[in-house]
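> Sequence plus the predicted model coming up.
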Amino acid sequence: MEAKVKQFQEAVPGSLDELIRRQLDGGQAQPKIIVYDSLLPWALDVADRNGLAAAPFFTQTCSVSSIYYLFREGKLTAGEEAEKELCLYGLPRLEERDLPTFVPDPEASPFLLGLLVGQFSNLERAAYVFFNTFDKLEDQMVEWMASKWPILTVGPTLPSMHLDKCIEDDKSYGLNLFKPNRQTCLDWLDKRQARSVIYVSFGSLAVLEQQQMNEIAECLEKLHTHFIWVVRETEMGKLSSQFMEGNLKSGLGLVVTWCDQLDVLAHESVGCFVTHCGCNSTLEALCLGVPMVGMPKWSDQPTNAKFVEDVWRVGVRCREDENGIVRKVELERCVRVVLEDEEIRRNAARVKEWALEAIQDGGSSHTNINKFVSALTTSDA
Ligand SMILES: O=c1ccn([C@@H]2O[C@H](COP(=O)(O)OP(=O)(O)O[C@H]3O[C@H](CO)[C@@H](O)[C@H](O)[C@H]3O)[C@@H](O)[C@H]2O)c(=O)[nH]1
């Protein structure tokens, strides 16, 4: 990965320069600003040398990003010091297990940590700083960040059909790769009772230990509740034939290698999402009002899980054993809490409302997007 990123960083700025110059020298649409992924801070230099404004787009939450900033500034000490509980700048009290995993152990992934703290290397020159979040979700943190940079919260960036439904079935979203299972999952869910199904998925990268897969499988058998479990092709070999056959006989679960997650989460039969708490999965569940069981492993996931449990109170986070495994008894306990706790369900419904409010007329993200568009269309900058 490191080599690929470096290759990209060497090759792309020059091509981008060329593209912009061609556009400036006679293209019909005159560029004014580069909106770039915040992990590519060099794009701001490309913008600068071509006389354009620049705006990074952060895809992780304001809270997670602020932790990387504080770490960069030396205000968040790693190692033993981080074991002390932290309560900074509007963040909840964080223990070491709640921090993004690269922070307490900077030597483990220096390259990735470098990319993440590098997001702040030239932020003072950005015209706007976009975040895929909305004000009510992280109000204090957004406020604190906005006191330092020109922050515009513009999230959640979910397809309209899953939020305000202004665009009914947006066929342009998602990859075709998602489509084959789309109808299978929906038809299967249609036959289940409201809020009865457990949806289990760990995103696009997670590689689970064999024992962890066994614990999940045994927990699902024990719960005897309908489930959809996304097990990516590369992980399928970790499912025992005994589990697959038993499941086939009982008809309890649907195991798929990928699904249209938004469609699944939006279905009324889904009552609980067992998730690794990747930022997209977390935001999608928040916006669709689905309570979560957090099983974070890596990167920003522990911090997202902390927010799910203690800040938004829309789920619970599993405790791992001394080997980092979530045992079946613990997973079962968490799933039962999430399926049965009415307060968690009410909170999830409330956050869903906030998301909708944010993107509707007068909402924070709606207003910010309008502000940006009108600044672009009425000025030269
Ligand atoms: O069957 C599936 C499974 C997942 N998804 C989608 O895949 C995305 C998964 O994204 P995310 O939840 O962020 O997880 P990862 O793919 O694991 O993302 C990596 O990148 C994220 C962004 O930096 C980090 O927050 C995560 O910790 C990191 O693991 C989501 O949009 C899901 O809707 C599907 O559509 N179908």
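Now that the structure is in, tell me what you want to look at.
> How about residues contacting the helix or strand encompassing R22?
In this structure, R22 sits in helix 2-24 according to DSSP states H and E. The contact list for helix 2-24 (CB atoms under 8 Å, 6 or more residues apart in numbering) reads 29-31, 34, 40, 42-43, 45-46, 49-50, 52, 111, 115. C-beta coordinates here come from the backbone N, C-alpha and C atoms, glycine included.
> In helices, which of these fall?
W42, A43, D45, V46, R49, F111, L115 (DSSP state H).
> Look up how far I34 lies from the fifth one.
Looking back up the chat, that one is R49. 11 Å (CB to CB, to the nearest Å).
> The helix holding R22 and the ligand, any residue contact?
No: judged by CB under 6 Å from any ligand atom, helix 2-24 and the ligand are separated, with a smallest distance of 13.7 Å.
> Tell me, how many residues neighbour I359?
22 (other CB atoms under 10 Å).
> Contacts only, for it.
Contacts of I359 by CB under 8 Å, 6+ apart are F134, P156, L163, D164, S365, H366.
> Quick one: which of the residues you listed is the most crowded by neighbours?
Ranking the contacts of I359 using other CB under 10 Å puts F134 first, with 28 neighbours.
> mind checking pLDDT for that residue?
pLDDT recorded at F134 is 98.
> contacting residues for the residue nearest to L123 when sequence neighbours are not counted?
In space, and not counting its chain neighbours, L123 is closest to W149: 5.5 Å by CB to CB, 6 or more residues apart in numbering. Applying CB under 8 Å, 6+ apart to W149 gives the contacts L123, E124, A126, V129.
> picking that back up, among the ones in helices among the contacts of helix 2-24, name the buried ones.
For the ones in helices among the contacts of helix 2-24, a burial check counting by 16 or more other CB atoms under 10 Å picks out W42, A43, V46, L115.
> Out of the contacts of I359, name the two that are farthest from one another.
Using CB to CB, those span at most 12.9 Å, a distance reached by F134 and D164.
> ok so, going back, M236: which of the contacts of helix 2-24 is nearest?
Of these, the one sitting nearest to M236 (CB to CB) turns out to be F111, at 29.7 Å.
> From S121, how far off is the closest one?
Counting by CB to CB, the gap from F111 to S121 is 15 Å.
> got a list of what the spatially most central residue of the chain touches?
Per CA atoms, centre = their mean, the C-alpha nearest to the average position across the chain is that of C279, at 1.3 Å. Neighbouring residues of C279 by CB under 8 Å, 6+ apart: T59, Q60, T61, V64, N132, D300, N304.
> which SS state does the second one fall under?
Per DSSP: H, G, I helix; E, B strand; the rest coil, the local secondary structure of Q60 is coil.
> Just give me the neighbour total for it.
Count around Q60 with other CB under 10 Å applied: 25.
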